[in-house]
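Novice: sequence plus the predicted model coming up.
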Amino acid sequence: MRVLSVVGARPNFMKLAPVDRELVRRGVDHVIVHTGQHYDPGMSAAFFEELWIPAPDYDLGVGSGSHAQQTATVMQRLEPAIVELRPDLVLTYGDVNSTVAAALVAAKLQVRVAHVEAGLRSGDWTMPEEINRVVTDRLSDLLFLPSRDAAENLAAEGIAADRMHFVGNVMIDTLCWALPQALAVDAPGRFDVRARPYVVVTLHRPTNVDDPAVLRELLEALTRLADHVPVLFPVHPRTRGRIRELRLRLTTEPGLRLLEPLGYLDMLSLVANAGLVVTDSGGLQEETSFLGVPCLTVRPNTDRPITCTHGTNRLVQAQRDAILAAAERGLSRRSPARPVIERWDGHAAERIARVVCDGERFELDGASAERLMPRRAVAIPQPLGAA
Ligand code: UD1
């Protein structure tokens, strides 16, 4: 059997890693295509190395551009590869432009499409990711759901239940795999924040960083927060560009520290030990929920509502005083009991491989009959410097 995975942007790589391992273990001819949507070494190659993903078989070198340019270029460059390889299945991941482009090409070539992380919805059509998610799911033969709420979203769009497989969250597979290594790299020690609770920040959504007034407001909030606790902010290239355009003179060290994008292990090491995470990333909402670290998501909505209902996530407006008040509450909130979310158990990729290779089904109500590979227990750290 030949399966072709298409990935392009940073959050795709964490999802690909465990799926690749499981498919290869079962003897699948797994071809990896990197579209090149993300191309900086720190946004791409570093993740392949740290997550033990083999070098891509194809690199389409698409790079940055408008949405139409990026999507169209992926389509143009991917089509010949799919025609040449004739895979039995094309696997797509997440919700980036590379995801929808791959689904469109494969579906039009009559190749079966699968979507890892299907069914998530924010209901917010101003987000490009929402359009990518809806179109990709509509075109997919196999839908791999990370959480139960995804099934309701898909059913509401008229998608038949027999295409859905409730496999769980592949991001958590990668987290479980990497956590022992991440704790060993001791990023808090290297960044000299071991002594007391600290805050980790990521912001890159166009709604937060492309409007200068909003970005100023957010940076003002972070600067104020950094008067009280160390704030570590690995800055996405999009955000760095916007900060540069603002010509802001940020009073940074020692409080607010703007860093280059971090690799997966350093980031996980920092997040696992943080007192609070402030973000607009989807993946971090999930990772903090699994780890039991309080998270503030600077967005009016989320496509991962389960992280608010069952996890540690809270939504907050992009407004200085709202963020400062929520941060104060969040910093005092970390509890030793960490949330348990159904099928966020390190076995999602194994379930995906069993569907792909053995034609198994993972129904929404079928948890009991599962026979899963044993996994090491994951030890979650207690917050550093907490009383
Ligand atoms: C993309 C995804 C978003 C995801 C995010 C994770 C879409 C529509 N958006 O957003 O869902 O959360 O990735 O990071 O697919 N740049 C570099 N080097 C790189 C990549 C980007 O400098 O390696 C800069 C370029 O100036 C580029 C800008 O970042 O124009 C934005 O990159 P792009 O891939 O268009 O979108 P992201 O904001 O990264």
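Specialist: On my side now, so go ahead.

Novice: which SSE is immediately downstream of whichever strand or helix holds Met14?
Specialist: For Met14, the enclosing helix or strand under DSSP states H and E is helix 10-25. Of the helices and strands lying after helix 10-25 in sequence (DSSP H and E), the nearest is strand 29-34.

Novice: this protein against the ligand: which residues are in contact?
Specialist: Contacts of the chain with the ligand, taken as Cβ under 6 Å from any ligand atom, map to 9-11, 37-40, 43, 64, 95-97, 128-129, 204, 236-238, 241. No exception for glycine: its C-beta is placed from N, CA and C like everyone else's.

Novice: make sure Val200 is indeed in a helix.
Specialist: No: Val200 is assigned strand when assessed by DSSP: H, G, I helix; E, B strand; the rest coil, not a helix.

Novice: who's in contact with it?
Specialist: By Cβ atoms under 8 Å, 6 or more residues apart in numbering, Val200 lies in contact with Leu232, Phe233, Pro234, Met267, Leu270, Val271, Ala274, Leu276, Val277, Val278, Thr279.

Novice: hmm, back to that, would you mind checking the residues of the chain next to the ligand for buried ones?
Specialist: Using 16 or more other Cβ atoms under 10 Å as the burial test, the residues of the chain next to the ligand include 9-11, 37-39, 43, 95-97, 128-129, 204, 236-237 as buried.

Novice: find the closest residue to the ligand in the stretch 151-300 of the chain.
Specialist: Using Cβ to the nearest ligand atom, the point where the stretch 151-300 of the chain gets nearest to the ligand is Pro237, with a distance of 3.2 Å.

Novice: could you verify my assumption that that residue touches Ser44?
Specialist: No: if you go by Cβ atoms under 8 Å, Pro237 and Ser44 don't touch, sitting 11.2 Å apart.

Novice: so what's the residue of the stretch 151-300 of the chain closest to the ligand up against?
Specialist: Counting by Cβ under 8 Å, 6+ apart, Pro237 touches Asp40, Met43, Pro261.

Novice: right, and the last one touches His236 too?
Specialist: Translated: Pro261. Yes: using Cβ under 8 Å, Pro261 is in contact with His236, at 6.3 Å.

Novice: following the lengthiest helix in the chain, which helix or strand comes up?
Specialist: When the chain is parsed with DSSP state H, its longest helix is helix 67-85. Where DSSP H and E defines the elements, the next helix or strand beyond helix 67-85 is strand 89-93.

Novice: which residues touch that next one?
Specialist: 1, 3-7, 12, 15-16, 19, 82, 99-100, 102-103, 105-106, 111-117, 136, 140, 142, 356.

Novice: low-confidence stretches in the chain?
Specialist: Scanning the chain for pLDDT under 70 picks out 249-254, 336, 366-371, 375-377, 381-387.

Novice: tell me the centre residue of it?
Specialist: Gly283 (3.1 Å; Cα atoms, centre = their mean).

Novice: quick one: contacts for that one?
Specialist: Gly283 is in contact with Pro11, Met14, Met171, counting by Cβ under 8 Å, 6+ apart.

Novice: enumerate every residue touching the second one.
Specialist: Think Met14. Under the criterion of Cβ under 8 Å, 6+ apart, the contact list for Met14 reads Phe47, Leu51, Val170, Met171, Thr174, Tyr264, Gly283.
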